[in-house]
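[1] Have a look at this prediction, sequence included:
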Amino acid sequence: MNIKTVGVVGAGTMGNGIAQVCAAAGLKVTLQDIGDEHLERGLATITTSLDRLIKKEKIGEDEKKATLANIDTATKLDALAGVDIVIEAATENERLKLDIFAQLDRICKPDAILASNTSSISLTRIAGVTDRADQVIGMHFMNPVPMMVLVEVIRALQTSDDTYRAVHELSEFIGKVPVEAKDSPGFVANRILIPMINEAAYAYYEGLASAEGIDEIMKLGMAHPMGPLALADLIGLDTCYAVIKVLHEGFGDSKYRPCPIWQQMVDAGYLGRKTGRGFYTYGD
Ligand code: NAD
(Lines give C-alpha, C1' and ligand atoms only; values in the text may rest on other atoms or scores of the structure.)
Protein backbone atom coordinates (compact mmCIF):
# COMPACT_ATOMS: atom_id res chain seq x y z
CA MET A 1 0.00 0.00 0.00
CA ASN A 2 1.31 3.45 -0.92
CA ILE A 3 -0.21 5.22 2.08
CA LYS A 4 2.23 5.29 5.01
CA THR A 5 1.43 8.57 6.75
CA VAL A 6 -1.96 9.94 7.80
CA GLY A 7 -3.07 13.34 9.01
CA VAL A 8 -6.24 13.45 11.11
CA VAL A 9 -7.96 16.83 11.53
CA GLY A 10 -10.00 17.02 14.75
CA ALA A 11 -9.23 15.01 17.88
CA GLY A 12 -12.83 14.66 19.10
CA THR A 13 -15.14 11.64 19.31
CA MET A 14 -14.25 10.41 15.81
CA GLY A 15 -10.81 11.89 15.16
CA ASN A 16 -9.13 10.20 18.11
CA GLY A 17 -10.66 6.84 17.13
CA ILE A 18 -9.50 7.22 13.52
CA ALA A 19 -6.00 8.14 14.72
CA GLN A 20 -5.99 5.08 16.99
CA VAL A 21 -6.96 2.53 14.33
CA CYS A 22 -4.51 3.98 11.78
CA ALA A 23 -1.66 4.03 14.32
CA ALA A 24 -2.50 0.51 15.52
CA ALA A 25 -2.15 -0.69 11.91
CA GLY A 26 1.40 0.71 11.83
CA LEU A 27 0.78 3.99 9.99
CA LYS A 28 2.42 7.21 11.18
CA VAL A 29 -0.32 9.58 12.30
CA THR A 30 -0.32 13.33 12.90
CA LEU A 31 -3.41 14.26 14.90
CA GLN A 32 -4.29 17.93 14.55
CA ASP A 33 -6.78 20.07 16.49
CA ILE A 34 -7.12 23.76 17.29
CA GLY A 35 -5.88 23.61 20.89
CA ASP A 36 -3.67 21.52 23.15
CA GLU A 37 -6.57 20.74 25.48
CA HIS A 38 -8.44 19.01 22.61
CA LEU A 39 -5.33 17.02 21.70
CA GLU A 40 -4.70 16.02 25.32
CA ARG A 41 -8.31 14.85 25.68
CA GLY A 42 -8.01 12.93 22.40
CA LEU A 43 -4.81 11.18 23.49
CA ALA A 44 -6.33 10.36 26.89
CA THR A 45 -9.31 8.74 25.13
CA ILE A 46 -6.97 6.69 22.94
CA THR A 47 -5.01 5.54 26.01
CA THR A 48 -8.22 4.50 27.79
CA SER A 49 -9.41 2.67 24.69
CA LEU A 50 -6.08 0.79 24.38
CA ASP A 51 -6.17 -0.09 28.11
CA ARG A 52 -9.63 -1.54 27.57
CA LEU A 53 -8.28 -3.71 24.73
CA ILE A 54 -5.45 -4.91 27.00
CA LYS A 55 -7.97 -5.82 29.69
CA LYS A 56 -9.94 -7.83 27.13
CA GLU A 57 -6.62 -9.49 26.13
CA LYS A 58 -7.02 -8.29 22.52
CA ILE A 59 -3.65 -6.51 22.54
CA GLY A 60 -0.57 -6.47 24.79
CA GLU A 61 1.39 -3.62 26.43
CA ASP A 62 3.83 -3.63 23.47
CA GLU A 63 1.05 -2.93 20.98
CA LYS A 64 -0.26 -0.11 23.17
CA LYS A 65 3.21 1.45 23.28
CA ALA A 66 3.74 1.03 19.53
CA THR A 67 0.33 2.56 18.74
CA LEU A 68 0.94 5.60 20.94
CA ALA A 69 4.46 6.00 19.50
CA ASN A 70 2.94 6.23 16.01
CA ILE A 71 0.88 9.31 16.95
CA ASP A 72 2.21 12.88 16.83
CA THR A 73 0.08 15.90 17.60
CA ALA A 74 -0.09 19.40 16.16
CA THR A 75 -2.21 22.52 16.52
CA LYS A 76 -1.47 23.85 13.02
CA LEU A 77 -2.65 22.37 9.71
CA ASP A 78 0.84 23.09 8.28
CA ALA A 79 2.04 19.99 10.16
CA LEU A 80 0.14 17.89 7.58
CA ALA A 81 2.21 19.15 4.61
CA GLY A 82 3.97 15.81 4.06
CA VAL A 83 1.27 13.22 4.77
CA ASP A 84 -0.06 10.78 2.14
CA ILE A 85 -3.70 11.21 3.19
CA VAL A 86 -5.64 13.57 5.44
CA ILE A 87 -8.80 12.31 7.11
CA GLU A 88 -10.76 15.34 8.27
CA ALA A 89 -12.96 14.81 11.35
CA ALA A 90 -13.66 18.35 12.56
CA THR A 91 -17.06 19.59 13.73
CA GLU A 92 -19.99 18.93 11.33
CA ASN A 93 -20.28 22.41 9.84
CA GLU A 94 -20.17 23.02 6.11
CA ARG A 95 -18.44 26.40 6.19
CA LEU A 96 -15.76 25.08 8.54
CA LYS A 97 -15.09 22.04 6.35
CA LEU A 98 -14.92 24.09 3.13
CA ASP A 99 -12.38 26.37 4.80
CA ILE A 100 -10.29 23.43 6.10
CA PHE A 101 -10.24 21.76 2.66
CA ALA A 102 -9.23 24.98 0.89
CA GLN A 103 -6.34 25.28 3.38
CA LEU A 104 -5.37 21.60 3.10
CA ASP A 105 -5.28 21.94 -0.68
CA ARG A 106 -2.70 24.72 -0.37
CA ILE A 107 -0.68 22.97 2.36
CA CYS A 108 -0.58 19.27 1.42
CA LYS A 109 1.73 17.72 -1.18
CA PRO A 110 0.15 17.48 -4.66
CA ASP A 111 -0.48 13.73 -4.62
CA ALA A 112 -2.02 13.62 -1.11
CA ILE A 113 -5.61 12.38 -0.86
CA LEU A 114 -8.01 14.58 1.11
CA ALA A 115 -10.78 12.56 2.80
CA SER A 116 -13.62 13.75 5.03
CA ASN A 117 -15.41 11.83 7.75
CA THR A 118 -18.45 14.08 7.33
CA SER A 119 -21.77 12.48 8.30
CA SER A 120 -23.84 14.27 5.71
CA ILE A 121 -22.20 17.19 3.89
CA SER A 122 -21.77 17.01 0.09
CA LEU A 123 -18.36 15.65 -0.87
CA THR A 124 -18.86 17.12 -4.32
CA ARG A 125 -19.12 20.60 -2.77
CA ILE A 126 -16.12 19.96 -0.50
CA ALA A 127 -14.07 18.71 -3.49
CA GLY A 128 -15.11 21.84 -5.40
CA VAL A 129 -13.11 24.18 -3.15
CA THR A 130 -9.87 22.36 -3.99
CA ASP A 131 -7.71 22.18 -7.13
CA ARG A 132 -7.48 18.41 -6.67
CA ALA A 133 -11.16 17.50 -6.70
CA ASP A 134 -10.34 14.06 -8.14
CA GLN A 135 -8.35 13.30 -4.95
CA VAL A 136 -11.20 14.20 -2.54
CA ILE A 137 -13.42 11.46 -1.09
CA GLY A 138 -15.61 10.62 1.90
CA MET A 139 -14.42 8.10 4.50
CA HIS A 140 -17.36 7.85 6.88
CA PHE A 141 -16.27 5.85 9.92
CA MET A 142 -18.75 4.63 12.53
CA ASN A 143 -18.72 5.43 16.24
CA PRO A 144 -16.90 4.06 18.25
CA VAL A 145 -14.25 3.74 15.54
CA PRO A 146 -12.10 1.02 17.19
CA MET A 147 -15.16 -1.27 17.51
CA MET A 148 -17.17 -0.64 14.35
CA VAL A 149 -15.97 -2.23 11.13
CA LEU A 150 -17.85 -0.24 8.51
CA VAL A 151 -16.37 2.62 6.50
CA GLU A 152 -18.93 4.14 4.14
CA VAL A 153 -16.82 5.35 1.20
CA ILE A 154 -18.45 8.25 -0.61
CA ARG A 155 -17.33 9.29 -4.05
CA ALA A 156 -17.71 12.94 -4.94
CA LEU A 157 -18.80 13.48 -8.54
CA GLN A 158 -15.15 14.34 -9.27
CA THR A 159 -13.44 11.47 -7.34
CA SER A 160 -11.08 9.42 -9.53
CA ASP A 161 -10.98 5.63 -9.60
CA ASP A 162 -7.37 5.76 -8.33
CA THR A 163 -8.46 7.73 -5.24
CA TYR A 164 -11.33 5.32 -4.63
CA ARG A 165 -9.04 2.29 -4.95
CA ALA A 166 -6.44 3.80 -2.59
CA VAL A 167 -9.05 4.54 0.09
CA HIS A 168 -10.63 1.10 -0.35
CA GLU A 169 -7.20 -0.45 0.20
CA LEU A 170 -6.45 1.78 3.21
CA SER A 171 -9.81 0.90 4.81
CA GLU A 172 -9.05 -2.82 4.53
CA PHE A 173 -5.47 -2.30 5.73
CA ILE A 174 -6.73 -0.78 9.00
CA GLY A 175 -9.16 -3.67 9.50
CA LYS A 176 -12.35 -2.07 8.24
CA VAL A 177 -14.92 -3.08 5.62
CA PRO A 178 -15.44 -0.35 3.00
CA VAL A 179 -18.86 -0.04 1.36
CA GLU A 180 -19.42 2.42 -1.47
CA ALA A 181 -22.22 5.00 -1.38
CA LYS A 182 -23.19 7.87 -3.68
CA ASP A 183 -22.87 11.50 -2.67
CA SER A 184 -26.32 12.58 -1.47
CA PRO A 185 -27.41 14.25 1.80
CA GLY A 186 -26.66 11.81 4.65
CA PHE A 187 -25.33 9.22 2.13
CA VAL A 188 -26.86 5.84 3.11
CA ALA A 189 -26.07 5.34 6.82
CA ASN A 190 -27.42 8.66 8.07
CA ARG A 191 -30.22 8.89 5.50
CA ILE A 192 -31.71 5.93 7.36
CA LEU A 193 -30.41 6.33 10.93
CA ILE A 194 -30.86 10.03 11.64
CA PRO A 195 -34.57 10.30 10.69
CA MET A 196 -35.21 7.44 13.13
CA ILE A 197 -33.30 9.25 15.88
CA ASN A 198 -35.13 12.48 15.02
CA GLU A 199 -38.47 10.66 15.37
CA ALA A 200 -37.34 9.26 18.74
CA ALA A 201 -36.52 12.85 19.80
CA TYR A 202 -40.07 13.86 18.77
CA ALA A 203 -41.51 10.99 20.82
CA TYR A 204 -39.53 12.27 23.82
CA TYR A 205 -40.41 15.93 23.10
CA GLU A 206 -44.12 15.09 22.89
CA GLY A 207 -43.92 13.13 26.17
CA LEU A 208 -44.96 9.80 24.64
CA ALA A 209 -42.58 7.98 27.00
CA SER A 210 -39.45 8.63 29.06
CA ALA A 211 -36.03 8.47 27.39
CA GLU A 212 -35.51 5.09 29.07
CA GLY A 213 -38.95 3.94 27.89
CA ILE A 214 -38.33 4.94 24.27
CA ASP A 215 -34.96 3.20 24.27
CA GLU A 216 -36.34 0.05 25.92
CA ILE A 217 -39.11 -0.16 23.31
CA MET A 218 -36.59 -0.03 20.47
CA LYS A 219 -34.14 -2.42 22.19
CA LEU A 220 -36.63 -5.06 23.29
CA GLY A 221 -39.09 -4.58 20.43
CA MET A 222 -36.77 -4.16 17.47
CA ALA A 223 -33.68 -5.95 18.80
CA HIS A 224 -31.60 -2.78 18.49
CA PRO A 225 -28.43 -3.13 20.59
CA MET A 226 -28.82 0.45 21.77
CA GLY A 227 -31.85 2.75 22.02
CA PRO A 228 -32.03 5.74 19.64
CA LEU A 229 -31.72 8.38 22.38
CA ALA A 230 -28.70 6.69 23.98
CA LEU A 231 -27.25 6.46 20.47
CA ALA A 232 -27.92 10.18 19.93
CA ASP A 233 -25.96 10.88 23.14
CA LEU A 234 -23.10 8.74 21.82
CA ILE A 235 -23.08 10.47 18.42
CA GLY A 236 -23.40 13.96 19.93
CA LEU A 237 -26.64 15.98 19.83
CA ASP A 238 -24.96 18.82 17.90
CA THR A 239 -23.94 16.30 15.23
CA CYS A 240 -27.44 14.73 15.08
CA TYR A 241 -28.94 18.22 14.70
CA ALA A 242 -26.44 19.19 12.00
CA VAL A 243 -27.21 16.02 10.01
CA ILE A 244 -31.02 16.28 10.20
CA LYS A 245 -30.71 19.91 9.03
CA VAL A 246 -28.61 18.81 6.04
CA LEU A 247 -31.28 16.21 5.16
CA HIS A 248 -34.11 18.76 5.58
CA GLU A 249 -32.39 21.45 3.52
CA GLY A 250 -30.89 19.03 1.00
CA PHE A 251 -34.15 17.30 0.07
CA GLY A 252 -36.55 20.14 0.93
CA ASP A 253 -38.89 17.49 2.30
CA SER A 254 -40.85 18.13 5.50
CA LYS A 255 -40.44 14.49 6.55
CA TYR A 256 -36.92 15.47 7.69
CA ARG A 257 -38.06 18.47 9.81
CA PRO A 258 -35.77 18.69 12.85
CA CYS A 259 -37.36 18.18 16.27
CA PRO A 260 -37.23 21.51 18.18
CA ILE A 261 -35.52 19.76 21.09
CA TRP A 262 -32.19 19.66 19.17
CA GLN A 263 -31.83 23.45 19.20
CA GLN A 264 -32.74 23.60 22.90
CA MET A 265 -30.25 20.90 23.88
CA VAL A 266 -27.48 22.49 21.81
CA ASP A 267 -28.23 25.95 23.31
CA ALA A 268 -28.02 24.41 26.79
CA GLY A 269 -24.70 22.72 25.99
CA TYR A 270 -26.29 19.29 26.52
CA LEU A 271 -24.45 17.57 23.68
CA GLY A 272 -24.55 14.00 25.01
CA ARG A 273 -21.70 11.92 26.37
CA LYS A 274 -18.99 14.35 25.33
CA THR A 275 -20.36 17.04 27.67
CA GLY A 276 -21.67 14.63 30.35
CA ARG A 277 -25.33 15.35 29.66
CA GLY A 278 -27.79 14.80 26.83
CA PHE A 279 -30.96 12.73 27.02
CA TYR A 280 -29.14 11.01 29.91
CA THR A 281 -26.52 12.21 32.38
CA TYR A 282 -23.07 10.65 32.59
CA GLY A 283 -20.36 10.47 35.23
CA ASP A 284 -16.68 11.15 34.44
P1 NAD B 1 -16.55 16.32 18.16
O2 NAD B 1 -17.35 17.52 18.52
O3 NAD B 1 -16.44 15.22 19.15
O4 NAD B 1 -15.07 16.73 17.73
C5 NAD B 1 -14.81 17.72 16.77
C6 NAD B 1 -13.37 18.18 16.95
O7 NAD B 1 -13.05 19.05 15.86
C8 NAD B 1 -13.16 18.97 18.27
O9 NAD B 1 -12.08 18.42 18.99
C10 NAD B 1 -12.84 20.38 17.75
O11 NAD B 1 -11.94 21.09 18.58
C12 NAD B 1 -12.23 20.07 16.39
N13 NAD B 1 -12.21 21.22 15.49
C14 NAD B 1 -13.14 22.19 15.34
N15 NAD B 1 -12.72 23.10 14.43
C16 NAD B 1 -11.49 22.66 13.99
C17 NAD B 1 -10.56 23.18 13.06
N18 NAD B 1 -10.76 24.30 12.39
N19 NAD B 1 -9.40 22.49 12.88
C20 NAD B 1 -9.16 21.35 13.55
N21 NAD B 1 -10.01 20.82 14.45
C22 NAD B 1 -11.18 21.47 14.67
O23 NAD B 1 -17.20 15.78 16.79
P24 NAD B 1 -17.16 14.30 16.19
O25 NAD B 1 -18.34 13.55 16.68
O26 NAD B 1 -15.80 13.72 16.35
O27 NAD B 1 -17.44 14.61 14.66
C28 NAD B 1 -16.39 14.91 13.75
C29 NAD B 1 -16.86 14.60 12.35
O30 NAD B 1 -17.16 13.21 12.26
C31 NAD B 1 -18.12 15.35 11.93
O32 NAD B 1 -18.05 15.66 10.58
C33 NAD B 1 -19.21 14.32 12.19
O34 NAD B 1 -20.35 14.53 11.42
C35 NAD B 1 -18.49 13.05 11.80
N36 NAD B 1 -19.02 11.80 12.36
C37 NAD B 1 -19.44 11.75 13.64
C38 NAD B 1 -19.93 10.54 14.15
C39 NAD B 1 -20.38 10.43 15.59
O40 NAD B 1 -21.01 9.43 15.93
N41 NAD B 1 -20.07 11.38 16.45
C42 NAD B 1 -19.96 9.40 13.34
C43 NAD B 1 -19.48 9.48 12.04
C44 NAD B 1 -19.03 10.69 11.55
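    Okay, I see it.

[2] is any part of stretch 150-161 close to the ligand?
    No: contact between stretch 150-161 and the ligand is absent, the nearest approach being 8.8 Å (criterion: C-beta under 6 Å from any ligand atom). In this view, the C-beta of every residue, glycine as well, is placed from N, C-alpha and C.

[3] what about that stretch, average pLDDT?
    Mean pLDDT, computed over stretch 150-161, is 97.

[4] likewise stretch 58-67?
    Mean predicted lDDT for stretch 58-67 stands at 96.

[5] So that it lines up with my notes, have the first residue be 30 from now on.
    New numbering, starting at 30: the last item is stretch 87-96.

[6] residues contacting whichever residue of the chain sits closest to the ligand?
    Nearest residue of the chain to the ligand: Gly41, at 1.9 Å (C-beta to the nearest ligand atom). Shown in contact with Gly41 (C-beta atoms under 8 Å, 6 or more residues apart in numbering): 62, 67, 71, 118-120, 303.

[7] out of these, which is most surrounded?
    When the contacts of Gly41 are compared by neighbour count (other C-beta atoms under 10 Å), Ala118 ends up highest, at 27 neighbours.

[8] Which residues are in contact with that residue?
    So Ala118 contacts 37-39, 41, 43-44, 47, 145-146, 170 (C-beta under 8 Å, 6+ apart).

[9] circling back: can you add secondary structure and give the contacts of Gly41 back as TSV?
    Formatted as TSV, the contacts of Gly41 follow (DSSP: H, G, I helix; E, B strand; the rest coil):
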residue	secondary structure
Asp62	coil
His67	helix
Gly71	helix
Ala118	coil
Ala119	coil
Thr120	coil
Lys303	helix
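
[10] Tabulate those (TSV), appending pLDDT.
    Formatted as TSV, the contacts of Gly41 follow (pLDDT from 0 to 100):
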residue	pLDDT
Asp62	98
His67	97
Gly71	98
Ala118	98
Ala119	98
Thr120	95
Lys303	92
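
[11] wait, which of the residues you listed is closest to Glu209?
    Ala118 (19.9 Å; C-beta to C-beta).

[12] Please name the residues that touch Ala95.
    Gly55.

[13] Secondary structure class of it, three-state.
    Under three-state DSSP, Ala95 comes out as helix.

[14] same check, this time on Leu237
    coil.

[15] Hmm, Ile243 and it touching each other?
    Yes: applying C-beta atoms under 8 Å as the test, Leu237 and Ile243 come out as touching, 7.3 Å apart.

[16] In terms of neighbours, single out the busier of these two.
    Neighbours per residue (other C-beta under 10 Å) separate Leu237 from Ile243, with Ile243 holding more: 21 against 12.

[17] I'd assumed the more buried one was in a strand, is it?
    No: according to three-state DSSP, Ile243 belongs to no strand; its state is helix.

[18] residues in contact with it?
    Applying C-beta under 8 Å, 6+ apart, the residues contacting Ile243 are 229, 232-233, 237, 256-258.
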